[in-house]
Structures are given as C-alpha cells and as structure tokens.
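*Asks:* Generate a structure from the sequence data that follows.
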Amino acid sequence: MNEEIRRVALVTGSATGIGRECAVRFAKAGCHVVVNYSRSADEARETLRLVEAEGGRGLLVACDVGDDNAVRAMLHTIEHEFGRLDVLVNNAGTTFFIDHKNLDELSEDKWNRILQVNLKGPFFCIRAAVPLIRKSGGGAIVNVSSVAGISGEGSSIAYAASKGGLNTMTRSLARSLAPEIRVNAVCPGPVDTRWLRAVMTPAELEQRTAGYPLRRAALPGDVADAVMYLALGTTLTTGQCLVVDGGRTM
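*Replies:* Numbers count the residues shown, from 1 in each chain. Sure, this is the predicted structure:
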C-alpha cells in the first residue's frame, strides 16, 4: 500500500484483550496503528510487536485517557509521527465489581474514576482527535461500550451509568460531527478476557451465558469484528450502538 495514503488508527487501551485484537486487525487491514496503554507496558509492547509483524508502522503511547492534557499530547505525537488520523477506537475502560445492592461500597472516588475513564476519556480523545481526522479528509470513531449501558446491569451501577452515557454521547457526536466523521458504538455482553476471568471462573462464565440464545460469552475477536465493520466496512452507518451479546438483550 502507498505509504502516502495508508490510514492510521488509534486504539486506546490496546495492551490486551479487545484493544489488542482491534489493533492487530487494523494492521492486517493495512493501517498504521497507534497502541495506547496506561499501565500494562509489557503487554502493550507485545501488541506493538504483533502490529509491526503485519507490515505496518506501530507507535506506542502511554496515556491515561482520563487526563485531558495527556490526551492532547498523545494526539500531538500522532500528528507529528504520521501527519494524519483516520480511525479512533475508544476502548480504554475501567470498573469496580460491586454488587448493585451495596450502595455504600460505591464511593465518590470510585464513581469519579469510572466516569473519568469511561465517559470523559472518550470525549477527551474525540475532541483532541477531530481536527486531525478532519485534516485527513474524514474518518470514523468507534466507542467500545457495553450492554450494561442498555440494560442497567453490569459490574457496578457506576459502570452501567458510564456506558449509558457513552451510548448517548455517541449519538450526540454522530450528529455534531457529520458528515465528515461517523461515530458509532459497540455494546458487548460478557467478554471472555483476563479482566472478566479475574472475578469469574470459566464454569461461572459458562453458567452465566448458558441461557443466551447463542450460549456463550463474546471473545475479543467477536467485538473486533463489529469494530472493524463500523470503522472500515461501512460508509453510511452512524449514531448506532451495535449490540454483540449472543442474543442476551433481545
């Protein structure tokens, strides 16, 4: 592919799991890829290695997406290194696993951290990325949300609220950034990643999903399929929250 027109994709939180799968998929699709992480440096370097093995350039950037100044610095680095940005995937997220009945456990500090990363973080990234995406001739933004933002279930009330806000913000920004930039979200159900395995055994996960029509949890590749479609596989889809949950929320 001509280096002058090779697209550039930024995937936040791409050290592991869904983010890593998306980063590698974009590299396979011929994109240069910016690998972002906040703490998992070793895992992020492995993602970078996998990206570069596909033949494109990779760029590793440490940045907490909840820090607006750090996000602006990250986008400045991308502009300096590549001169363009075509796709932004807001995948970075956090939570605390708190029973919804345990209201006292959900402290203000935990609320603030979840909203800072899951809701304000995507907004900071989008705001900083929009000028560069427009300079590149337009592009796509995909927010990795959750069915928790639709059903109100999930790891904690604050997590569900943050994803509900992300879904609404997706629609708002799809209107305000059109027609140059499309904005969509992917809403997975349980995803079989290291994050979920930290609080749930394989048997518990199997039991939880046994009643779903497709009878299994999502894998990172299932979510990446939807992300790639919304980022590169369509030109007329915007403002949508695409559910990938094996039929759970039908």
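*Asks:* From now on I want contacts and neighbour counts done on CA atoms only, so please keep to that.
*Replies:* Noted.
*Asks:* for stretch 64-73, the distance to its chain's centre please.
*Replies:* Using CA atoms, centre = their mean, to the nearest Å, the distance from the centre of stretch 64-73 to the centre of the chain it belongs to is 16 Å.
*Asks:* On the three-state scheme, residue 243 is what?
*Replies:* strand (DSSP: H, G, I helix; E, B strand; the rest coil).
*Asks:* separation between it and residue 148?
*Replies:* For residue 243, the distance to residue 148 (CA to CA, to the nearest Å) stands at 11 Å.
*Asks:* Now list whatever residues contact both of those two.
*Replies:* When contacts are counted by CA atoms under 8 Å, 6 or more residues apart in numbering, residue 243 and residue 148 have residue 189 as shared neighbours.
*Asks:* In terms of secondary structure, what does the longest strand along the chain contact?
*Replies:* Of all the segments assigned as strand in the chain under DSSP state E, the longest by residue count is strand 181-188. Taking 3 or more CA pairs under 8 Å, 6 or more residues apart in numbering; DSSP states H and E as the contact definition, the neighbouring helices and strands of strand 181-188 are strand 139-144, helix 157-177, helix 220-232, strand 241-244.
*Asks:* ok, the residue positioned nearest the centre of the chain - contacts?
*Replies:* Per CA atoms, centre = their mean, the C-alpha nearest to the average position across the chain is that of residue 91, at 1.7 Å. Residues in contact with residue 91, defined by CA under 8 Å, 6+ apart, are 11, 12, 13, 14, 18, 19, 143, 144, 145.
*Asks:* Among these, name the buried ones.
*Replies:* 11, 12, 13, 14, 18, 19, 143, 144, 145 (16 or more other CA atoms under 10 Å).
*Asks:* Thought residue 166 was touching the last one, still the case?
*Replies:* Yep, that's residue 145 we're talking about. Yes - Residue 145 is within contact range of residue 166, at 6.7 Å (criterion: CA atoms under 8 Å).
*Asks:* gap between the residue of the chain most remote from its centre and residue 156?
*Replies:* Checked against the mean C-alpha position of the chain, the extreme residue using CA atoms, centre = their mean is residue 104, at a distance of 29.2 Å. As judged by CA to CA, residue 104 and residue 156 stand 12 Å apart.
*Asks:* shaky segments in the protein?
*Replies:* Screening the chain residue by residue with the criterion pLDDT under 70, one finds the ranges 1-4.
*Asks:* need the helices for this structure, in chain order.
*Replies:* Taking DSSP state H to define them, one finds helices in the chain at 17-28, 41-53, 68-82, 108-115, 121-135, 148-151, 157-177, 194-197, 202-209, 220-232.
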